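> Here is my input; please provide its structure:
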Amino acid sequence: MAPSFDWWEKEAQRGTPVVVKMENPNWAMVEIASPSDSDDDVDLGAAAAAKVGRNKNAKQITWVLLLKAHRAAGCLTSLASTFFSLASAVRRRLASGHTDADVHPSESQVIRSRFYSFIKAFLFLSIALLLFELAAFFNGWHLRKVSISSFSESFYSNWVRFRVAYLAPPLQLLANSCVILFLIQSADRLILCLGCFWIKFKRMKPVPEPSATAASDIEAADEDFPMVLVQMPMCNEKEVYQQSISAVCNLDWPRSNMLIQVLDDSDVVATQALIKEEVEKWKQNGVRIVYRHRVLRDGYKAGNLKSAMNCSYVKDYEFVVIFDADFQPAPDFLKRTVPHFKGKEDVGLVQARWSFVNKDENLLTRLQNVNLCFHFEVEQQVNGMFINFFGFNGTAGVWRIKALEDAGGWLERTTVEDMDIAVRAHLKGWKFIFLNDVECQCELPESYEAYRKQQHRWHSGPMQLFRLCLPDIIRSKIGFWKKCNLIFLFFLLRKLILPFYSFTLFCIILPMTMFVPEAELPAWVVCYIPATMSFLNILPAPRSFPFIVPYLLFENTMSVTKFNAMISGLFQLGSAYEWVVTKKSGRSSEGDLLSLIEKEPKKEFGGSEPDLHALAKEESKPKAIKKKHNRIYLKELSLAFLLLTAATRSLLSAQGIHFYFLLFQGISFLLVGLDLIGEQVQ
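Got it, this is the predicted structure:
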């Protein structure tokens, strides 16, 4: 094999004699000449090598430069396109004028604006301080000794004294307190991860009792197929009802031992008709399924479930399984969950984990997937394996009806009825089992507005519950360590301290330390510990590792919503009891419904024809088109400008890590505040 042109060019540059033998006019064979070769051959070889090498290298360099220029032009084009798209989206947001000011119409305007007013006041103060610090920097006041040569210099020196004497000490104390809470919560997160690693290493998982008879012999194995009641609470969720009812009706369980309750709380007549027709269709196919609709819709989901449990036939059933409207269980769901109750009379709940059909839909769903994977695989699996307790997820779980009744049944006192019933059952001594290998498919919110409302309910409800059940926890007969776990870990650390320090430390204290530099936050608090915790959080979803930085920034961005919700629940503010059904996408459902209206109904579903025609007439009536818009979120925008202002101030102190964190965190707040994450609508 002949040496490459680059190789013999280097040899020629070193002065090594080279001979070129032209055996074929289309190519040249290059050999290294020996010292005994003639000088003419050496000169000829060196000249030929140099000439061919220059031509070859010139062509290579030209093509490389053209390729790099093409790539640069493509990059600049894509950046320009992205910039114009972003500018266009921002312009549409501002032109539409839809803000989050009308999210809670039932809440008092004064209560609603207090938190936002606090953030605005802090923003205006930071801007004023930034202008003052810039003036001091460019005039060199910070480099001089105390002087009274001018009023401005005297004012600045007095401001520095006041800052050092009165502002820095309490700010540093508050920062140190939040850092301690941060470290405690990080230690809890690390212990949970170590517990998960131990479970994986030892291959620990719940194992059901072996069946006495063959599972395939359905008729003879009645003891292996106890009576199961399946409940499907839903409310105005026409996008997903068909696929969910279909999945539940196809559960692999003897039909004589299973009854399905479709608990429809819809207040839209057309949606009620569609769900009722779907139930009738499956009933005609031989499925034991009933449709229930409440006239008085009190208590939201808890009231719906409570009403269904009051039916006289419930006493004939031993277990009840709950599926929300967007959940689609696999056919073998009951066969993989119910057997875990056999021979364990103290087990009250068997919970399956969730999987998500739209986890790769957009950046918002990817980040949610990271959070929920950690919640299920780490938090719930570890707590279920070692202490037999975790918060019920509200769906995809099987309850022993006796445990529900012993705990007092469903109560409408909070917006987290699932956590409420779980805590009360735990106080009665019931044990929970979490099955990490049994999954139930569902949907994630694809828009930031839907996700924000969901997170508000999930973080205000636990604080309501903590106020209500704290006396019951103290008076209960469970062990001391179980009480400590409920009070300090389950409620205080994970439900109160986590949103408190996330918002206070990274959105308030860190910007303040830029304007009061005598109070400091070390780099390991700002960067290294959060990065480590984000890495641990993302381990259960390794495919999401490229999103580790957006995940860290987004979690801090969501802290404003979670902190606001936590305060609302703790102090019983107006929005604490707000219940908003999380919007589902159900991508194919709407098209299926329209095609279903156009099709001729089958004879075996005789009851479907009249209502479908009535629905078709209703659909044909002219309706006012209600446009949907992405909102502008004022709290997030205010915090974005606050963090960017603090980032500008950090440049004067040459704080590298702090500057980059504040800059990227401010950009994250800006993108979320303009609703540029998640589903985009006009």
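> Would you map the strands across this protein?
Taking DSSP state E as the test, the strands found in the chain are 18-24, 27-32, 228-234, 258-264, 289-293, 319-322, 347-356, 397-400, 431-442.
> R189 contacts L536, correct?
Yes - the pair R189 / L536 is scored as a contact, 6.1 Å apart, by CB atoms under 8 Å. Heads up, the C-betas are built off the backbone N, CA and C, glycines and all.
> Tell me the bridge partners for the closest residue to A325 other than its chain neighbours.
The shortest distance from A325 to any non-neighbouring residue, by CB to CB, 6 or more residues apart in numbering, is to M234 (3.7 Å). M234 forms beta bridges with D264, as assigned by DSSP bridges.
> What's the local residue count around M234?
By other CB atoms under 10 Å, 25 other residues sit near M234.
> do L492 as well
Here the number of neighbours of L492 (other CB under 10 Å) works out to 14.
> Give me the pLDDT for A330.
As predicted, A330 sits at a pLDDT of 95.
> S177 and L505, how far apart?
9 Å (CB to CB, to the nearest Å).
> before we move on, what about I657?
I657 is 15 Å from L505, by CB to CB.
> is it true that D324 touches G394?
Yes - with contact defined as CB under 8 Å, D324 reaches G394; the gap is 6.9 Å.
> These two: which is more packed in?
D324 (23 against 20).
> Now do the contacts for the more buried one.
M232, P233, M234, G394, T395, C442 (CB atoms under 8 Å, 6 or more residues apart in numbering).
> Need those in TSV (columns: distance to Q572 and pLDDT).
Formatted as TSV, the contacts of D324 follow (distance: CB to CB, whole Å; pLDDT from 0 to 100):
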residue	distance to Q572	pLDDT
M232	32	96
P233	26	94
M234	29	92
G394	22	93
T395	27	94
C442	31	94
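> With respect to L427, which of these is nearest?
G394 (18.8 Å; CB to CB).
> Report the spatially nearest residue to the closest one, omitting neighbours in sequence.
D418 (3.5 Å).
> Surely that neighbour touches A396?
No - applying CB under 8 Å, one finds D418 not in contact with A396, separated by 10.8 Å.
> Who has more neighbours out of those two?
A396 (26 against 20).
> about what we covered before: next one: the residue nearest to G394 relative to N393, how far apart?
For D418, the distance to N393 - CB to CB - is 6 Å.
> And for N257?
Applying CB to CB, the value for N257 to N393 is 25 Å.
> likewise N362?
Using CB to CB, N362 is found at 23 Å from N393.
> When those two are compared, which one has more neighbours?
N393 (22 against 17).
> isn't that one right up against L349?
No - the pair N393 / L349 is not scored as a contact, 10.0 Å apart, by CB under 8 Å.
> Can you tell me what sits against stretch 470-487?
I387, F389, V423, R424, H426, L427, G429.
> tell me which residues in it are buried?
I473, S476, K482, K483, N485, L486, I487 (16 or more other CB atoms under 10 Å).
> Helices along the stretch 551-682 of the chain, start to end?
Along the stretch 551-682 of the chain, counting by DSSP state H, counting those that start in this stretch, helices occupy 589-598, 608-620, 634-653, 656-673.
> least reliable of those going by mean pLDDT?
Mean pLDDT, when computed for each of these, is lowest for helix 589-598, at a mean of 37.
> Tell me, how many residues neighbour the closest residue to V378 other than its chain neighbours?
Excluding its sequence neighbours, the residue lying closest to V378 (CB to CB, 6+ apart) is C196, at 4.7 Å. As a burial measure, C196 scores 21 neighbours (other CB under 10 Å).
> so C196 touches V382, yeah?
Yes - with contact defined as CB under 8 Å, C196 reaches V382; the gap is 5.6 Å.
> where are the low-confidence patches of the stretch 501-650 of the chain?
For the stretch 501-650 of the chain, the stretches with pLDDT under 70 are 574-580, 586-627.
> cool, and the stretch 201-350 of the chain?
In the stretch 201-350 of the chain, residues with pLDDT under 70: 211-223.
> so where do the helices sit in it?
241-249, 269-284, 300-309, 333-337.
> can you list the ones you listed in TSV and add mean neighbour count and distance to A565?
Output for those, formatted as TSV (neighbours: other CB atoms under 10 Å; distance: least, CB to CB, whole Å):
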stretch	mean neighbour count	distance to A565
helix 241-249	21	28
helix 269-284	19	29
helix 300-309	21	17
helix 333-337	22	31
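> Now do stretch 154-173: distance from first to last residue.
28 Å (CA to CA, to the nearest Å).
> Which parts of that stretch count as buried, going by neighbours?
Y156, S157, W159, V160, R163, L167, A168, L171, Q172.
> Show the contacting residues for N564.
Counting by CB under 8 Å, 6+ apart, N564 touches F115, H456, K635.
> By neighbour count, which of those wins?
Neighbour counts for those peak at H456, which has 24 neighbours (criterion: other CB under 10 Å).
> Just to check, it is in contact with A565?
Yes - if you go by CB under 8 Å, H456 and A565 touch, sitting 4.3 Å apart.
> coming back round to it: tell me which two of the contacts of D324 sit farthest apart.
Using CB to CB, the two most remote members of these are P233 and C442, lying 13.8 Å apart.
> Tabulate the strands of the chain in JSON lines, adding columns for distance to D252.
As requested, the strands of the chain are exported to JSON lines (distance: least, CB to CB, whole Å):
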{"stretch": "strand 18-24", "distance to D252": "74"}
{"stretch": "strand 27-32", "distance to D252": "71"}
{"stretch": "strand 228-234", "distance to D252": "12"}
{"stretch": "strand 258-264", "distance to D252": "10"}
{"stretch": "strand 289-293", "distance to D252": "16"}
{"stretch": "strand 319-322", "distance to D252": "13"}
{"stretch": "strand 347-356", "distance to D252": "15"}
{"stretch": "strand 397-400", "distance to D252": "15"}
{"stretch": "strand 431-442", "distance to D252": "14"}
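> Out of those strands, flag the one nearest K281.
Smallest distance to K281 across the strands of the chain (CB to CB): 9.6 Å, for strand 289-293.
> So which elements touch the closest one?
Under the contact definition 3 or more CB pairs under 8 Å, 6 or more residues apart in numbering; DSSP states H and E, strand 289-293 sits against strand 258-264, helix 269-284.
> just checking, T648 touches E133?
No - in this structure, T648 is not within contact of E133 by CB under 8 Å, at 9.3 Å.
> How many residues are close by I529?
16.
> surely it meets F182?
Yes - with contact defined as CB under 8 Å, I529 reaches F182; the gap is 7.0 Å.
> Next, the contact list for the nearest residue to A541 once chain neighbours are set aside, please.
Computed as CB to CB, 6+ apart, the closest residue to A541 that is not its neighbour in sequence is C373, at 4.2 Å. Counting by CB under 8 Å, 6+ apart, C373 makes contact with P540, A541, S544.
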